[in-house]
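>>> Following is a predicted model, sequence given first.
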Amino acid sequence: MSVITGSKPYEELSNLLGRHPDVPTVVLGCGKCAKLSHTGGAEEVRP
């Protein structure tokens, strides 16, 4: 199985999440491929 990850600017994510403020949201970081490509590891999802 292949996983493709990509990063988005904070402003874009904030705008997307702001459209539905009543919907609970969780941001997760992965310790495998997303971490290795620097698109979603713990460092990238830290506030």
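Now that the structure is in, tell me what you want to look at. Numbering: from 1, shown residues only.
>>> Please pull up the helix or strand immediately following the longest helix along the chain.
Ranked by residue count and defined by DSSP state H, the top helix of the chain is helix 10-18. Going down the chain from helix 10-18, the next helix or strand is helix 33-36, by DSSP states H and E.
>>> Distance of residue 29 relative to residue 38?
Applying Cβ to Cβ, to the nearest Å, the value for residue 29 to residue 38 is 11 Å. Where C-beta positions appear, they are placed from N, C-alpha and C, glycine not excepted.
>>> Pull up the overlap in contacts between these two.
Counting by Cβ atoms under 8 Å, 6 or more residues apart in numbering, the shared contacts of residue 29 and residue 38 are residue 44.
>>> Between the two, point out the one with more neighbours.
Comparing residue 29 with residue 38 by other Cβ atoms under 10 Å, the one with more neighbours is residue 29, at 14 against 11.
>>> what's around the closest residue to that one other than its chain neighbours, how many residues?
Distances taken as Cβ to Cβ, 6 or more residues apart in numbering place residue 45 nearest to residue 29, at 4.0 Å, with adjacent residues excluded. The local packing of residue 45 (other Cβ under 10 Å) involves 13 other residues.
>>> Kindly report the same for residue 37.
Quick note: residue 37 (other Cβ under 10 Å) scores 16 neighbours.
>>> Just give the nearest non-adjacent residue to it, would you?
Distance criterion Cβ to Cβ, 6+ apart; nearest residue to residue 37, sequence neighbours excluded, is residue 5 at 5.8 Å.
>>> list the contacts for that neighbour?
Applying Cβ under 8 Å, 6+ apart, the residues contacting residue 5 are 30, 33-34, 37, 39-40.
>>> Which one of those residues is nearest to residue 18?
Top of the list for closeness to residue 18, among the contacts of residue 5 and by Cβ to Cβ, is residue 40 at 20.5 Å.
>>> in the chain, which ranges drop under the pLDDT threshold?
Low-confidence segments of the chain (pLDDT under 70): 1-3, 47.
>>> now residue 9: how far from residue 15?
Going from residue 9 to residue 15 by Cβ to Cβ gives 10 Å.
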